[in-house]
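Student: Give me the fold of what follows.
(chains A and B)
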Amino acid sequence: MNPPATASLLTLRRIAKNFGGVRALRGVDFDLAPGEVHALLGENGAGKSTLIKVATGAHMPDDGEITVAGQTLRGLTPTLAQQLGIACIYQQPALFPDLTVAENIGLRLEHGGATRRIDWPARRARAKDLLARVGATIDPETEVNELSMPEQQLVEIACAVGAGARIVIMDEPTASLTQREQARLFTVVRELRTAGVGVVYISHRLEEIFALADRVTVLRDGASVGTHDVRTMDEAGLIKLMVGREVAQLYPPAESPPGAVVLSLQNVCCAASGVRGVTLELRAGEVFGLAGLVGAGRTELARVLFGLTPANTGEIKLNGRAVAIQSPQQAIELGIAYVPEDRRRHGVILEMPIAQNMTMAVHRRIFPRTWLRDGAEQALALDYVRDLAVKCSGADAPGGSLSGGNQQKVSLARWLATKPRVLILDEPTQGVDVGAKSEIHKIIRRLAKDGLAVLMISSDLPEVLGMSDRIGVMRGGALAAVLPGGSDAHTVMTAALGQETGKGAA
Amino acid sequence: MKRYFRELSVTAALGIVLLGLAVFAPAFFQPQPLLSLVTREAPTLIVACGMALVIICRQIDISVGSQFSVCSVCAGLLAVRGWPLPLVLGASVGLGALMGAINGWLVAGLRLPSIVVTLATMVTLRQGLNLVRQGEFVNLPDNVQWLGLSQSAGQWTLVLSSLAVLVVIALAMRHWSAGRQVYAVGTNAEAARLAGIPPQRVTFLVFVFLGALTGLAAIMNIAQSPQVQPLSGAGLELKVIAAVVVGGVAIAGGRGNLWGAFAGLLLLACVSPALTHLHIEAYWEKAIQGAIILLAVVADGVRQRRAGK
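Tutor: The predicted structure is shown next:
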């Protein structure tokens, strides 16, 4: 199954895409031949999703050329992509939950005006036929909300087949599948390949790539680092391609040795959020980096520690005393602070002035029994504005008027105001420009030096490597490994992907 | 200045109306009729304060009219039985708080949409009251009217106490933690939760608070006449919500303040007497009030679209 010499189905040339100042894609080349499964591989944020969105017309690239079946396109829109036979199956199927399978398939595949008469028997017959073709035993009359995730994926694939898709893109389709469901999905993918369809297959599971794909393209930092025949590659080689990068940025050095254990977890589980048996000790004055793939359970662990989804089993000790953290209020009282991931949605209240944002978690302390004097709040806010060098027109400016990095500082100030002992940072520099990023790194280091225990969740591998005194790697809701600071990217990535170093199992 | 644009423009509109009346109908400003007019609006102001909180919290309560009727009738019956006025007042406030708690529990506890919940309680309470009372009036004992004071002393008491309630709540919204929490939950409940503010508890409490204020307002209303009408609160919810919205409290929650709601209430309340004094047919009242509400909402929409760009 070498890349056939016949005309390629889809060719992307020098695709570039910027979001604000962030260069998500910087000149990526990619091509897909009929009857091949082409895997797309890369770390979190390497540009896979952006590339997919360019190929399905959801994003217009800033530069580059898209050729579908020999036809070079000016602007690709989602509608045009559909007409050209490009179908995308997302991790979370986008079906209408309250409609039946037949209705969902009909909505995708039938065209016509609002007044056309629906031919119900034909609609049902077609749904039945398509489901049979993808090997699904689903009654077309079932409502989608009664289907399991893999069944919904099969419905999506049935839609793609029904639309006569020549190009099928699958974004981590096996993320929520069991072994058996996965095997069935593979069968369907192989049938598509036999039928001459080109499949773009995205997965973090290397063994799947070896089992299924013909070629693999590895993305790193928004650029392609090469397309290879899968048979010529091994796992170690792929991991090396994914992470092979120099830690170019300078990180502030650890200045003091870690102190006493502040927070200790013993076999902590949370069934609701899928955290499984985490055992961990966090010391005063250390930055503990938490690495792992998206969905590995890092944010879920933070939410357990902050009382948002309390643990069912296991023991959490704070300064040697067992505690049960049942709510955020309780966590705050215990001295645990959580700076959430999505600062625009969950961190800073954009409509509220900076000062009010900063004092939100410390009402109990700063609001006296009588009226709050504006002065007290302003003074506290201005202290943090100065201390963290927040660039703003004043403490009265609304949170939404700040840049990303400065919003992050406001979010951080809110939690520092609670005088915490444990500070959990979830993606503290996501979407922040380089200058502000380095400032935030310096602040984190300084806080650790002042005796805080910092748990830093980050998908930015160089950041984890550069900032952490120790590195925990999560996988599938469990803490897969704890590595010393200064570990290399390869070791961390290997742990995150679930491969033993040096072992070439498939 | 820009932040309080809406409050200031409503106040300006009110000023223009008053100025127009001063020029064309100076009789409007005769002290006694004016005091009577203001007294009639005092209970509405109290309910509007509570409603403003509920709307800032991104909820709505359309059952206040029915709550108001229930509280009025029950308070009247207790007064007839010879309960002293302070006890009647306490009972009315407590009953209002209880009805608010039912709404609050359904909305915050069961996470049901407040428009549907309070629509249901509005109808249930109103029909229940109808069924039990069969439209009967309650004749009040003398100690209730004007709180047992002379008419003008009673009027002043009602007006000043309603203003006191307004001032206290308006300041508390800014200078108390509780007020901040209402704004935070109304703007972004999830962010509030992550900051340690319990959104469900705050939501529950604003409903209870509105109910308690409605109970208070009911007493202030029955003190103004010798009888309690069976459905004295009919239409109150619309009046109150209109005042709050005209005053710049965003129906989407999180924005606005009590001063704006106060100005909005006065503006809408001026329409009817202004028409009388200007010898315009009273039929125009609702149409003009509707136009004012429409104008306010359109102004919001335009401003939001501009902000979006």
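
Student: from memory residue A:14 sits against residue A:61, does it?
Tutor: No - counting by C-beta atoms under 8 Å, no contact exists between residue A:14 and residue A:61, whose distance comes to 9.0 Å. Placement of C-beta: from N, CA and C, glycine included.

Student: where does the stretch 1-150 of chain A have low pLDDT?
Tutor: Per-residue confidence for the stretch 1-150 of chain A (pLDDT under 70) gives these ranges: A:1-6, A:20-21.

Student: Helices along that one, start to end?
Tutor: A:48-55, A:78-83, A:101-109, A:120-133, A:149-162 (DSSP state H, counting those that start in this stretch).

Student: what do you get for the stretch 1-150 of chain B?
Tutor: In the stretch 1-150 of chain B, the helices defined using DSSP H, counting those that start in this stretch lie at B:5-24, B:31-56, B:64-80, B:85-104, B:114-133.

Student: Tell me the residues of chain B that contact chain A?
Tutor: Residues of chain B lying close to chain A by C-beta under 8 Å from any C-beta of the partner chain are B:171, B:175-177, B:180-181, B:183-184, B:187-188, B:190-198, B:254-255.

Student: Show me the residue of the stretch 101-250 of chain B that gets nearest to chain A, please.
Tutor: Closest contact between the stretch 101-250 of chain B and chain A, by C-beta to the nearest C-beta, is at residue B:177 (3.7 Å).

Student: Setting aside sequence neighbours, what's the nearest residue to that residue?
Tutor: With C-beta to C-beta, 6 or more residues apart in numbering or on different chains as the criterion, residue B:177 has its nearest non-adjacent residue at 3.7 Å, and that residue is residue A:363.

Student: would JSON lines of the helices of the stretch 1-150 of chain A with distance to chain B be doable?
Tutor: Rendered in JSON lines, the data for the helices of the stretch 1-150 of chain A read as follows (distance: least, C-beta to the nearest C-beta, whole Å):
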{"stretch": "helix A:48-55", "distance to chain B": "23"}
{"stretch": "helix A:78-83", "distance to chain B": "23"}
{"stretch": "helix A:101-109", "distance to chain B": "26"}
{"stretch": "helix A:120-133", "distance to chain B": "33"}
{"stretch": "helix A:149-162", "distance to chain B": "25"}
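
Student: possible to save the ones you listed as a markdown table with mean neighbour count?
Tutor: As requested, these are exported to a markdown table (neighbours: other C-beta atoms under 10 Å in any protein chain shown):
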| stretch | mean neighbour count |
| --- | --- |
| helix A:48-55 | 22 |
| helix A:78-83 | 14 |
| helix A:101-109 | 21 |
| helix A:120-133 | 16 |
| helix A:149-162 | 24 |
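
Student: would you turn these into a markdown table with distance to residue A:199?
Tutor: Listed next are those as a markdown table, based on distance: least, C-beta to C-beta, whole Å:
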| stretch | distance to residue A:199 |
| --- | --- |
| helix A:48-55 | 12 |
| helix A:78-83 | 16 |
| helix A:101-109 | 19 |
| helix A:120-133 | 16 |
| helix A:149-162 | 10 |
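
Student: Those: which one's closest to residue B:145?
Tutor: helix A:101-109 (64.8 Å; C-beta to C-beta).

Student: So what touches the closest one?
Tutor: With contact meaning C-beta atoms under 8 Å, 6 or more residues apart in numbering or on different chains, helix A:101-109 is reached by A:95-96, A:99, A:118, A:123-124, A:126-127, A:130-131, A:138-144, A:147, A:155, A:158-159, A:162-163.

Student: Sitting in helices, which of the residues of chain B next to chain A do you find?
Tutor: Among the residues of chain B next to chain A, the members falling in helices are B:171, B:175, B:177, B:180-181, B:183-184, B:187, B:190-194 (criterion: DSSP state H).

Student: List the residues that contact the residue of chain A found nearest chain B.
Tutor: Of chain A, the residue with the smallest distance to chain B, taken as C-beta to the nearest C-beta, is residue A:363 at 3.7 Å. Remark: with contacts taken as C-beta under 8 Å, 6+ apart, residue A:363 is in contact with B:177, B:180-181, B:197.

Student: Can you point out the buried residues in stretch A:219-227?
Tutor: Buried residues in stretch A:219-227, defined by neighbour count with 16 or more other C-beta atoms under 10 Å in any protein chain shown: A:219-225, A:227.

Student: Can you find the helix or strand of chain A with the lowest average pLDDT?
Tutor: When each helix and strand of chain A is scored by mean pLDDT, DSSP states H and E, helix A:363-366 comes last, with a mean of 76.

Student: Could you check the angle the helix or strand that comes right after it makes with helix B:177-187?
Tutor: Of the helices and strands lying after helix A:363-366 in sequence (DSSP states H and E), the nearest is helix A:374-387. Angle of helix A:374-387 versus helix B:177-187, following axes from the mean of the first three to the mean of the last three C-alpha atoms, to 10 degrees, is 60 degrees.

Student: Cool, thanks, talk later.
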